[in-house]
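Novice: quick one, fold the following:
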Amino acid sequence: MGQRSRAVLSCTLRGRVDVEALSAAFDAVTGQNPTLRSCIVPDGPGYALRLLGEDERPRLVTRTGDEDEAYAAELNTPLPVGGPLTRAVLVSSPDGGRHLFVLLVDHTVIDGHSSIALHNALWDHYRALVGGERATAADAAVPEAPQWPRPVSGLLPAADEGDTAAYLDSRLAEMRRHPVELVPYDVRRPSPTGVAGQGADGSADGHIEVCRLTLDTERTTRLRRTARQSGVSVHSLIGAALLAAARRRLDGDGPRTLGCLSPVDLRSRLSPPLPASVMVPAVTTHLQTLEVSGSSDPLDLARAVHARLSDFIARGDQFHEMRITPEIPRNPALQLATVIATNMGVVPGPRLPSGLQAVDVRLVPAREQYFPQAGRSPVMACVVSFEGRLSIEFPHYTACFSPSFIQAFRDDVLDGLLAFTRPARPGTPPRTAPAHAHARLL
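Specialist: Numbers count the residues shown, from 1 in each chain. Alright, predicted model coming up:
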């Protein structure tokens with residue numbers, strides 16, 4: 001089945017939560033979406049979704065505990081094999097005044113945009129219930145004939161098989177011509193006996209942690225202004241900062257071939273567009289390779305990232321990329337990058353009833369398996385802006401990258417982003433250097 005991963009969407013709350021209403025709201029959204037009350041089962045040479053019985057469908061889990069400990073526990077607790085593809089947990093302080101709500105969904109049936117839509121829909125149901133509206137039978141009951149969403153692969157525009165084959169050949173050829181370099185792990189590799197070596201933080205056992213970067217609304221606004229004035233996207237500025245930070249983790253100062261993997265949302269590019277409320281993964285990726293040196297100019301890197309991604313979308317190659325997805329298990333280098341930036345853009349937070357406040361909202365991807373024995377890997381950054389504040393999450397496995405390594409990487413990226421927000425010195429002429437001046441495109 002390949003590498004499984006899950007979306008981990010969390011919301012820190014202040015105020016009183018009606019647990020019965022929240023449980024009913026979760027039942028309502030899972031009742032409306034059969035993929036959320038399904039499990040994965042073998043089906044011939046592949047796998048398929050099977051509806052769970054009424055006694056198996058996921059229900060809200062509640063407990064009392066510490067927010068940080070609860071978040072770490074949920075982040076490191078996989079969805080069970082053969083079990084529900086979603087989990088909802090509410091962890092409350094002993095006095096009931098603060099809460100952590102965590103919603104986890106397998107990426108087999110969801111993407112970032114639909115996970116945010118699901119989270120907001122759940123709280124919409126909750127707000128209606130505590131406001132005096134009763135849940136209807138259609139909200140909470142399991143339909144006798146569930147309406148399964150069509151796979152995105154069946155919604156793509158028509159294409160010639162020969163064109164798709166030619167696209168795959170060109171991608172494989174480019175991959176072989178320009179293999180990318182990965183960031184080496186700073187934690188000692190496992191021994192030949194399979195026993196993990198001790199990490200830089202003194203821990204022998206790995207677990208998932210998340211290092212976070214946030215900008216306030218003022219600096220987020222400045223970053224957007226810089227992007228607009230420079231003719232690039234905020235995503236491109238972030239990609240440039242990530243590439244520069246990764247390059248500084250490699251030896252020497254000369255050019256090295258690095259890869260930047262960006263998500264490409266298909267929902268808005270389908271005809272008709274696919275709403276975020278449809279619970280299917282509707283995203284593909286764009287991998288570009290650049291030669292980056294220690295002296296590469298960050299803004300030129302951003303221009304390069306922006307130009308390549310824009311050209312990719314303008315050609316419609318995102319549809320070809322989606323069509324060749326089945327080839328990735330056989331050719332994983334098709335998505336092998338130095339840095340991965342999963343950017344959700346600017347999204348709304350949940351609308352809550354009076355007396356309940358969302359202190360913080362987070363979205364993090366978490367994988368099911370990590371491979372310390374590989375010795376190196378991409379660095380992942382999950383980018384999202386809730387309520388006008390940019391946030392970048394760096395999930396990592398501590399048997400691969402130590403917390404101190406990722407914290408230093410995070411700080412390096414932050415410095416790069418803050419450099420983009422500083423006003424130019426008076427009298428400084430606008431930059432007009434071409435995108436390839438300091439970063440040669442491959």
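
Novice: what about residue 257, which SS state?
Specialist: Of the three states, residue 257 takes strand according to DSSP: H, G, I helix; E, B strand; the rest coil.

Novice: got a list of what it touches?
Specialist: Residue 257 sits next to 178, 179, 180, 181, 289, 290, 291, 442 when contact means CB atoms under 8 Å, 6 or more residues apart in numbering. All C-beta atoms are positioned from the backbone trio N, CA, C, and that covers glycine.

Novice: wait, doesn't the fourth one sit right on residue 338?
Specialist: When you say that, I think you mean residue 181. Yes. Taking contacts as CB atoms under 8 Å, residue 181 lies within contact range of residue 338: 6.2 Å.

Novice: now for the two: what residues contact both?
Specialist: Common neighbours of residue 181 and residue 338 (CB under 8 Å, 6+ apart) are residue 258.

Novice: more crowded one of those two?
Specialist: Legend: neighbour count by other CB atoms under 10 Å for residue 181 and residue 338, higher for residue 338 (27 against 18).

Novice: spatially nearest residue to the more buried one (excluding sequence neighbours)?
Specialist: Closest residue to residue 338 apart from its sequence neighbours, by CB to CB, 6 or more residues apart in numbering: residue 258 at 4.2 Å.

Novice: same check, this time on residue 181
Specialist: residue 256 (5.4 Å).

Novice: my read: residue 344 touches residue 363, true?
Specialist: Yes. Residue 344 sits in contact with residue 363 when judged by CB under 8 Å, with a separation of 6.5 Å.

Novice: mutual contacts of those two, please.
Specialist: What both residue 344 and residue 363 touch, as defined by CB under 8 Å, 6+ apart, is the set 112, 116, 382, 384.

Novice: thinking again about what came up before, for the residue nearest to residue 181, list the residues it contacts.
Specialist: Here residue 256 is in contact with 181, 247, 250, 291, 292, 293 (CB under 8 Å, 6+ apart).

Novice: ok, now residue 271?
Specialist: Taking CB under 8 Å, 6+ apart, we find residue 271 in contact with residue 157.

Novice: what of the one 5 residues further on?
Specialist: Contacts were defined as CB under 8 Å, 6+ apart; by that measure residue 276 touches 113, 114, 116, 117, 267.

Novice: before we move on, what about residue 227?
Specialist: 233, 234, 236, 237, 302, 420.

Novice: of those, which is the nearest to residue 100?
Specialist: residue 234 (28.5 Å; CB to CB).

Novice: need the pLDDT of the closest one.
Specialist: Residue 234 carries a pLDDT score of 96 in this model.
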